[in-house]
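Undergrad: Here is a sequence together with a model predicted from it:
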Amino acid sequence: MSQEWNIRSRGHVCSFCGKPLVDRAPVVSALKETSGGYERFDAHPECWKTAERDWTPFSQWDGVYFAPAKEEKKEALKKEDAGELLRKLMTLDDPAMKNVVYVLAVMLERSKILVERDSKEQEDGSIRRVYEDRKQGDTFVILDPRLRLENIGEVQQQVVALLSGTKTLGEVAGEEDAAEAEAQAAEEAQTETPGGDAAESETA
Ligand SMILES: [Zn+2]
């Protein structure tokens, strides 16, 4: 279960040659699926090309490495809070929060904090999306719960409530559990009605 929630930090040295990555220079990043989750690789593009590997990446992308900067903190305090909330939620690893985690990630993507690097459809039809923090380079492997359009606004309100401190994580998790039970009951009641795949109507 914990494989659905994964944060992997970007390395500051090349995974292959061990030398430092160069500030503002291209970097190749990859995730390798392991029994315990994901292992992350960051490499000089040349090293990635020439290194011998006996494995296929779960995901691989080209990015730009930014050396950690300390002065950037002042600006965009609010956005950083959202990023911290995402990290906290992913560490908590609570399945009841999967919608909140996903909507928060999409909000961070829209405000250009995160960038989607890859998406993989799983055998069970779920989708795992790989997001990368543009500046810090951390990777988040997030389950796309394929939310229905009409539910997104509600989840967004929960995210805003968490960010503004008007609701606690426990309160939101309780609401999500209740909503899930309600949705399941509604789905069972609707099994007679033929209709298309509701998941198709999700927003991109
Ligand atoms: Zn290297």
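TA: Structure received. Residues are numbered from 1 along each chain as shown.
Undergrad: contacts and neighbour counts: CA atoms only from here.
TA: Fine.
Undergrad: So for stretch 92-112, what gets flagged as buried?
TA: Neighbour counts over stretch 92-112 (16 or more other Cα atoms under 10 Å) mark 93, 95-109 as buried.
Undergrad: Do a quick rundown of the helices in the protein.
TA: For the chain, the helices identified by DSSP state H occupy 45-50, 77-92, 98-110, 149-164, 169-189, in order along the chain.
Undergrad: okay, these, which one's buried deepest?
TA: Compared across those, helix 98-110 shows the largest average neighbour count, a mean of 20 (mean count of other Cα atoms under 10 Å).
Undergrad: who's in contact with residue 150?
TA: With contacts defined as Cα atoms under 8 Å, 6 or more residues apart in numbering, residue 150 has no neighbours.
Undergrad: ok, now how distant is it from residue 39?
TA: When distance is defined by Cα to Cα, to the nearest Å, residue 150 is 36 Å away from residue 39.
Undergrad: Write out the residues of this structure neighbouring the ion.
TA: 14, 17, 44, 47 (Cα under 5 Å from the ion).
Undergrad: Now with 8 Å, please.
TA: By the criterion of Cα under 8 Å from the ion, the positions of the chain lying close to the ion are 13-21, 43-48.
Undergrad: And the buried ones among the residues you listed, selectable in PyMOL?
TA: To isolate the buried members of the residues of the chain next to the ion in PyMOL, using 16+ other Cα under 10 Å:
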select buried, resi 13+14+15+21+43+44+45+47+48
